[in-house]
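**Q** how would this look folded up:
(one chain, ligands or ions: 2)
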Amino acid sequence: MSSVAEFEETARERLDPVYYDFFAGAAGDEITARSNVDSFARLCLLPRVLRGSDKRDLTIELLGSRASMPILVAPTAFHRLAHPDGELATVRAAMAADTVMIVSMAATTAIEDVAAAALEVTPEPELWFQLYLQPDLDFSEAIVRRAERAGVKALVVTVDSPVLGRRERDDRHGFHDLPPGMVVENLRNLRGGEPGHVRQIAMSAELSWEHIAWLRQLTALPILLKGVLHPEDARLAVRHGVAGLIVSNHGGRQLDTVPATIDALPEIAEAVAGAVPLILDGGVRRGTDVAKALALGASAVGLGRPVLWGLAAAGQDGVARVLERVREEFDHTLALCGAASPLDLTADLVRSYR
Ligand SMILES: Cc1cc2nc3c(=O)[nH]c(=O)nc-3n(C[C@H](O)[C@H](O)[C@H](O)COP(=O)(O)O)c2cc1C
Ligand SMILES: O=C(O)C(=O)c1ccccc1
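**A** Residues are numbered from 1 along each chain as shown. Ligands and ions are numbered 1, 2, ... in the order given. Coordinates of the predicted model:
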């Protein structure tokens, strides 16, 4: 079974370079995107000996959802650019792996169709919906109702995108909208006759904590904020009744030169002090990365690009193999650290010698 890096190689060979660059690329000089990976590599694991178990349990419980491992599918846009089966392939693999998929609002498959495919795999699909809150609140409400009706179990509000990051690879290619025949299906016909163009997703710098309060009274679903990096915002989020946080820098695609997520995590963990669960995404490529994130305070991690590499390389089977590979690496890491479950991963198992 191949590593995530090998899947990226295969994906790069198979993809149109414009789409490969859309997936791989990030904002500005891509400093943050690189440091997400490099910071994991710089941290050392300090294993314990003579205290492990042959029976390891990777399962977690997160905001009423159950996952067979602390490794989730992060929300990414436009899966049909990676493979003709698009999000349907991804969701089948994620449900077969018995984990949570966070479906992007900017999916190229409608949430109802994603949910129907999930139900063919499991009677109890763990689907969460990622939302760019729209300043037009009727529009926001319509999309929330659509996600609720489809049966999603949580809403993930992305808050790191008051404007879209500048991705210079996309600028060079002139790639700014989907090719003919593909649209953002979740927007199609929402507001009467809308075609579902990417530019209909409004990014707004005027969103505020009041909008989070508004969303809380609109829905009974747990709300997570994605893209929190400042500990003060983490405290504010808890005060606003948010159910969880995703410590994320959008894979380095928004503001360049923000810290690697694994470097930002300890301060956020300290600020929330266990009040809500933390999920980390950005740069997770190996089972050892998962272990480091959990040791430093995350309850789970999200995989963004690795899932896209699996999808581009081999559709549903490729996503399945990426998820199984990272699961297997994480289980192996637990064994080598003398741990029997994610709960055994404590901060003393991680050191920075630099
Ligand atoms: C091609 C691509 C599309 C993305 N689309 C979205 C999106 O629609 N909504 C969102 O909240 N985050 C989006 N993200 C960010 C991911 O959810 C996640 O934060 C990031 O990919 C994690 O880093 P990783 O790719 O290193 O695993 C996207 C990331 C990529 C690479
Ligand atoms: O590419 C992204 O990172 C992303 O978040 C996005 C969101 C909306 C439309 C296209 C891309």
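**Q** C-alpha from now on. contacts and neighbour counts both.
**A** Will do.
**Q** What segments of the stretch 201-350 of the chain are strands?
**A** Using DSSP state E, counting those that start in this stretch, the strands of the stretch 201-350 of the chain run over 223-226, 244-247, 278-281, 300-303, 350-351.
**Q** how close does residue 246 sit to residue 27?
**A** Plainly put, residue 246 is 19 Å away from residue 27 if you go by CA to CA, to the nearest Å.
**Q** can you check residue 279 too?
**A** 22 Å.
**Q** Of the two, give the one with the bigger neighbour count.
**A** Shown here are residue 279 and residue 27; by other CA atoms under 10 Å, residue 279 has more neighbours (26 against 23).
**Q** ok, now how distant is the more buried one from residue 296?
**A** In terms of CA to CA, residue 279 sits 11 Å off from residue 296.
**Q** Ok, residue 235 next?
**A** Residue 235 is 18 Å from residue 296, by CA to CA.
**Q** residue contacts, the most centrally placed residue in the chain?
**A** Geometric centre of the chain, nearest residue: residue 74, 1.9 Å, by CA atoms, centre = their mean. Residue 74 is in contact with 101, 102, 103, 281, 302, 303, 304, counting by CA atoms under 8 Å, 6 or more residues apart in numbering.
**Q** Apart from its neighbours in sequence, what residue is nearest residue 162?
**A** residue 205 (4.1 Å; CA to CA, 6 or more residues apart in numbering).
**Q** So what's the residue count around the one you found?
**A** By the criterion of other CA under 10 Å, residue 205 has 12 neighbours.
**Q** quick one: it and residue 164 touch, right?
**A** No - counting by CA atoms under 8 Å, residue 205 sits too far from residue 164 to count as a contact (10.2 Å).
**Q** Against ligand 1, how distant is the residue of the stretch 201-350 of the chain found nearest ligand 2?
**A** Nearest residue of the stretch 201-350 of the chain to ligand 2 (CA to the nearest ligand atom) works out as residue 253 at 5.7 Å. Distance, residue 253 to ligand 1, by CA to the nearest ligand atom, to the nearest Å: 7 Å.
**Q** Which helix or which strand is home to the residue nearest to residue 316 when sequence neighbours are not counted?
**A** Excluding the flanking residues, the one nearest residue 316 by CA to CA, 6+ apart is residue 89, at 4.3 Å. Assigned by DSSP states H and E, residue 89 falls within helix 86-96.
**Q** Moving C-terminal from that helix, which element do we reach first?
**A** Going down the chain from helix 86-96, the next helix or strand is strand 101-103, by DSSP H and E.
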